[in-house]
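Q: Output the structure for:
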Amino acid sequence: MDEFLFAKRSRLEFCVHRARACAALPSVLPFEQDETRHDAAGLSVLRAIELAIGIATYVIHKRGLDVPQSSRASFDLLEREEVISTKLASELKSMVDFKNLLVLRHTELKPQTLLEVIESRLDHLVEFSRVVLASEA
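A: Predicted coordinates for the structure are as follows:
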């Protein structure tokens, strides 16, 4: 087992868990109005996405593949190499776009959008880490 990938996967899963825990914290304010929980959950989502990108970069380098020009291209390359499915690659590229929104336009991000990502799209990152770990075993 690749210890580096295992550690990255564990950290990614922790960040997903942390994002969900932050979103679910009891508060006087609903999530949509609680900026502290937005920030904490958003940061955990950002870290999880960056970890997935790091995993992709590591696998591409380890396999001696061409260096992609963008994070999105990393997932295209792993799809082309049949490491991940077309559907998963599409979901991951969408998560890269969401990461860019979090970083560059966070003030425009609606709390409900962040909550929807936390509740329904983070599992794609976990699936990716598990698929890659299995393929590199």
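
Q: List the buried residues in stretch 14-34.
A: Of the residues in stretch 14-34, C15, V16, R18, A19, C22, A23, F31, D34 count as buried by neighbour count, 16 or more other C-beta atoms under 10 Å. All C-beta atoms are positioned from the backbone trio N, CA, C, and that covers glycine.

Q: Show me those residues that map onto helices.
A: Secondary structure assignment (DSSP state H) places C15, V16, R18, A19, C22, A23 from the buried residues of stretch 14-34 within helices.

Q: sec struct for the closest residue to the third one other than its chain neighbours, please.
A: What that stands for is R18. Taking C-beta to C-beta, 6 or more residues apart in numbering as the measure, R18 lies nearest to S44, with 4.2 Å between them; neighbours along the chain are not counted. For S44, the secondary-structure state derived from DSSP: H, G, I helix; E, B strand; the rest coil is helix.

Q: Assess the claim that C22 and E35 are in contact.
A: No - in this structure C22 lies outside contact range of E35 using C-beta atoms under 8 Å: 11.9 Å.
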